[in-house]
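1. Prediction below, plus the sequence it came from.
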Amino acid sequence: MSELKVKDKDIVVPGDIVAEGIDFLPSYGTYRLGDNILANRLGLIKIEGKVIKLIPLSGKYLPKKNDIIVGKVIDVNFSGWRVDTNSAYSAMLGLKDATSDFVRRGADLTKFYDIGDYMVAEIINVTSQNLIDLTLKGPGLRKVRGGRIITINPNKVPRVIGKQGSMVTIIKQSTGCQIIVGQNGVIWLEGTPQGEILAVRTIEKIEQESHISGLTERVQKFLEENKLESKVN
Amino acid sequence: MSYKKRNDGRDFNETRPIEAKVGVIKRADGSAMFRIGNTVAYVAVYGPRELYPKFLQNPEKGVLRVNYNMMPFSGSGERVRPGPSRRSKEISYVTEKALLPVLNLAEWPNAVVDVFIELPQTDAGTRCAGICAASMALADAGIEMKDMVAAISVGRVDDKLVVDLNYEEEAYDGEVADIPVAVIPSTGEVSLLQMDGEISKEDLMKVLELAKETAVKINEIQKEALKKKFEVQ
């Protein structure tokens, strides 16, 4: 006899009993203790048939291979750049992964990227000790100029992007901003001053309310309401 | 002389009024407040984040670092002097050991989770309030943990076994045993057990049962407080 103790999309906390009995399978964020399945994180429960999964609501970014991130150069050394990834680990961008130009031995690397520069980069490798290698070779990977940087909870990144980028497209269209969302929760955006402010407010709203259903409708409504205000002024 | 009635009119197995809140410190990765009677604990959790100096790093798993501090104006100034001391170092250490059994920091090699426990107001039972608040704040920070830790002080005042001693009882003119206990509710394991004073073996067993019962109730309050943060307004 197996019994679920929570509904789909319920919020659970560590130690909460999610299901009793052996018919369910614990997946990410849950574990088995005796006959029960318990949550080991704070998050939303997702039930997929017999498999019980947890979608975390908080927590730091854990680097993953092939993620596109927005990083900040924090150090320059002989063979490349050290990049802050908004996680517990900084990444290494090697010279060969940064440019296809010929660089003379001992050349000044700050000519390419200086400390404080932001860049859109892809993680090419993560070791067991979470040493990270980055690359700038790929479509859309580059240093960003101008605009502004905001940081959000990395667990909300999928909500800000939406299905196939639907949410971020809505924001781009109604604010006229260029937006790049890094998987590490760092977002770069550029547009008119009013557009930027509206985009930032919209993203903050998504971050706060993403666990409540009907998000897309609320965001669309919010954007429409505020669009009107700016026309009146 | 015998202790007939508790000085604040509580039952012998009744705790002081408890209030818990999560997300009280905005800039922290996780935070919580736990009030039990006149004892108030605020906890901020930062991380997992980079750990320096390097010799403190553990390449196998993340490190937990706890700092317990009574604020300069806390307490009545009678016995314990607030501020850094041998006592606060010891409490930081035992709190760390009380929390570690539930945490899983294997995903975070070479990183650190910092826990800051601050007590603006104290009236006995500070380490227990600190542990209760710290486990809520750690859950709020999205750290993987198999359960939360609930702590309560139990003991004996003269011939009576009591739960949750306040300062007046701790300083009672007679025989007193003060036993802080931290319990992992899902398994019933004890992760902190200290004692001030003396108690017979039979009484100790009875009082530990009381502690476990109370810990389950406190755990309910902790879980409720965490879920309340995400309630729909």
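-> Cool, got the structure. All figures in this text were calculated on a predicted structure; none of them were measured in a lab. Numbers count the residues shown, from 1 in each chain, chains lettered A, B, ... in the order given.
2. what's the helix or strand for the residue of chain B found nearest chain A?
-> Using C-beta to the nearest C-beta, the closest approach of chain B to chain A is made by B:Gly142 at 2.6 Å. For the C-beta atoms, the positions are set from N, CA and C on the backbone; glycine is no exception. Using DSSP states H and E, B:Gly142 sits in no helix or strand.
3. can you give me phi and psi for it?
-> B:Gly142 adopts backbone torsions of phi 80, psi 30, taken as degrees, to the nearest 10.
4. Let's verify A:Pro63: helix, strand, or coil?
-> Recorded secondary structure, A:Pro63: coil (DSSP: H, G, I helix; E, B strand; the rest coil).
5. Next, count neighbours for the residue of chain B closest to chain A.
-> The number of residues packed around B:Gly142, counting by other C-beta atoms under 10 Å in any protein chain shown, is 22.
6. May I ask you to confirm that it is in contact with A:Leu54?
-> No. At 10.9 Å, B:Gly142 does not count as touching A:Leu54 under the criterion of C-beta atoms under 8 Å.
7. joint contacts of those two?
-> Here B:Gly142 and A:Leu54 share the contacting residues A:Arg41, A:Gly43, scored by C-beta atoms under 8 Å, 6 or more residues apart in numbering or on different chains.
8. Residue 174: neighbouring residues, count only.
-> All of this is about chain A. Using other C-beta under 10 Å: A:Ser174 sits among 19 other residues.
9. Can you look at chain B instead?
-> Here the number of neighbours of B:Gly174 (other C-beta under 10 Å) works out to 10.
10. how about A:Ala19, phi and psi?
-> On the backbone of A:Ala19 - angles per degrees, to the nearest 10 - the values are phi -150, psi 150.
11. Distance of it relative to B:Pro185?
-> To B:Pro185, A:Ala19 is 18 Å away according to C-beta to C-beta, to the nearest Å.
12. more neighbours, these two?
-> Comparing A:Ala19 with B:Pro185 by neighbour count (other C-beta under 10 Å), the higher total belongs to A:Ala19, at 24 against 20.
13. Show me the beta-bridge partners of the more buried one.
-> Listed beta-bridge partners, A:Ala19: A:Leu4, A:Ile37 (assigned using DSSP bridges).
14. which SS state does the residue nearest to A:Trp81 when sequence neighbours are not counted fall under?
-> Residue nearest to A:Trp81 in three dimensions, not counting chain neighbours: A:Leu93, with 4.5 Å by C-beta to C-beta, 6 or more residues apart in numbering or on different chains. Under three-state DSSP, A:Leu93 falls in the strand class.
15. Give the burial count for A:Leu93, as a bare number.
-> 25.
16. next one: A:Leu54
-> 21.
17. Could you do A:Ile55 as well?
-> A:Ile55 has 15 neighbours, counted by other C-beta under 10 Å.
18. residues in contact with the spatially closest residue to it that is not a sequence neighbour?
-> Of all residues not flanking A:Ile55 in the chain, A:Leu44 sits nearest, at 4.6 Å (C-beta to C-beta, 6+ apart). Shown in contact with A:Leu44 (C-beta under 8 Å, 6+ apart): A:Lys9, A:Asp10, A:Ile11, A:Val12, A:Leu54, A:Ile55, A:Leu57, A:His211.
19. phi, psi of the fourth one?
-> Looking back up the chat, that one is A:Val12. For A:Val12, the backbone dihedrals (degrees, to the nearest 10) come out as phi -120, psi 160.
20. Show the model's pLDDT score for the spatially closest residue to it that is not a sequence neighbour.
-> Leaving aside its sequence neighbours, A:Val12 sits nearest to A:Ala39 (C-beta to C-beta, 6+ apart; 4.1 Å). Per-residue confidence (pLDDT) for A:Ala39: 95.
21. do B:Val63 as well
-> Model confidence at B:Val63, given as pLDDT, is 97.
22. What's the separation between the nearest residue to A:Leu57 once chain neighbours are set aside and A:Pro56?
-> By the measure of C-beta to C-beta, 6+ apart, the closest residue to A:Leu57 outside its immediate chain neighbours is A:Gly43, 5.1 Å from it. Per C-beta to C-beta, A:Gly43 is found 4 Å from A:Pro56.
23. And for A:Ile197?
-> 29 Å.
24. What residues of the helix or strand of chain B with the lowest mean pLDDT count as buried?
-> Here the helix or strand of chain B ranked lowest by mean pLDDT, DSSP states H and E is helix B:167-170, holding a mean of 90. Neighbour counts over helix B:167-170 (16 or more other C-beta atoms under 10 Å in any protein chain shown) mark B:Tyr167, B:Glu169, B:Glu170 as buried.
25. burial of A:Ile45, as a residue count?
-> 23.
26. The residue lying closest to A:Asp67 once chain neighbours are set aside - how many residues pack around it?
-> Take A:Asp67 and drop its neighbours on the chain: the residue closest to it by C-beta to C-beta, 6+ apart is A:Gln183, 4.0 Å away. Using other C-beta under 10 Å, A:Gln183 has 21 other residues around it.
27. Hmm, A:Gln183 is touching A:Pro154, no?
-> Yes. The pair A:Gln183 / A:Pro154 is scored as a contact, 7.1 Å apart, by C-beta under 8 Å.
28. can you list residues touching both of those two?
-> In contact with both A:Gln183 and A:Pro154: A:Tyr61, using C-beta under 8 Å, 6+ apart.
29. since we're on B:Asn67, how many residues are nearby?
-> Using other C-beta under 10 Å, B:Asn67 has 17 neighbouring residues.
30. what helix or strand is it on?
-> strand B:63-70.
31. anything in that strand near chain A?
-> No. Counting by C-beta under 8 Å from any C-beta of the partner chain, chain A is not contacted by strand B:63-70; separation bottoms out at 10.9 Å.
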